[in-house]
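[1] Please find the sequence and the predicted model below.
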Amino acid sequence: MNVPKEYVMTYEGITKLEGELEFLKTVKRKDITEKIKVALGYGDLTENSEYDEAKNEQAFVEGRIIQLENMLRSEERRVGKECSQG
């Protein structure tokens with residue numbers, strides 16, 4: 001059974017994670033998309049290190065986005081529990 005982790009964070013910590021999430025979803029995704037377009041212009045993908053690097057970066061960023069969303073979702077649940085008990 002997969003029990004979601006709960007994270008204890010300060011308001012400042014939550015704000016910082018929300019900022020990082022927003023940056024990754026808007027700025028970084030566009031940057032990576034542009035890198036992939038440029039790398040595709042070089043032709044053959046079998047020996048295209050720029051393409052491989054951009055795809056690896058894309059995988060890392062998408063993984064980080066999922067991680068941040070899960071952390072923030074967990075924090076919202078915890079805060080919601082505290083509010084209803086208070």
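    On my side now, so go ahead. Nothing here was measured: the structure is a model prediction, and the numbers come from that model. Numbering: from 1, shown residues only.
[2] the longest helix in the chain is where?
    helix 49-85 (DSSP state H).
[3] for the nearest residue to residue 50 once chain neighbours are set aside, what are its contacts?
    Leaving aside its chain neighbours, residue 50 sits nearest to residue 39 (4.0 Å; criterion: CB to CB, 6 or more residues apart in numbering). (Each C-beta comes from the backbone N, C-alpha and C, glycine too.) Applying CB atoms under 8 Å, 6 or more residues apart in numbering, we find residue 39 in contact with 48, 50-51, 53-54.
[4] Averaging pLDDT per element, find the lowest-scoring helix or strand in the chain.
    Here the helix or strand of the chain ranked lowest by mean pLDDT, DSSP states H and E is helix 49-85, holding a mean of 82.
[5] buried residues in that helix?
    By 16 or more other CB atoms under 10 Å, the buried positions in helix 49-85 come out as 51, 54-55, 58, 61, 65, 68, 71-72, 74-75.
[6] And the residue nearest to residue 50, how far from residue 27?
    Per CB to CB, to the nearest Å, residue 39 is found 19 Å from residue 27.
[7] Around residue 42, count how many other residues there are.
    Number of residues near residue 42 (other CB atoms under 10 Å) recorded here: 12.
[8] how close does it get to residue 27?
    Distance from residue 42 to residue 27, by CB to CB: 24 Å.
[9] Which strand or helix spans the residue nearest to residue 50?
    Per DSSP states H and E: residue 39 is located in helix 29-40.
[10] sorry, back to before: now the least confident helix or strand of the chain, how far from the chain's geometric center?
    Computed by CA atoms, centre = their mean, to the nearest Å, the chain-centroid distance of helix 49-85 equals 5 Å.
[11] by contact count, what packs against that helix?
    Other helices and strands packing on helix 49-85, by 3 or more CB pairs under 8 Å, 6 or more residues apart in numbering; DSSP states H and E, are helix 11-23, helix 29-40.
[12] out of the ones you listed, deepest packed?
    helix 29-40 (a mean of 14; mean count of other CB atoms under 10 Å).
[13] Relative to the whole chain's centre, how far out is that helix?
    Offset of helix 29-40 from its chain centre (CA atoms, centre = their mean): 17 Å.
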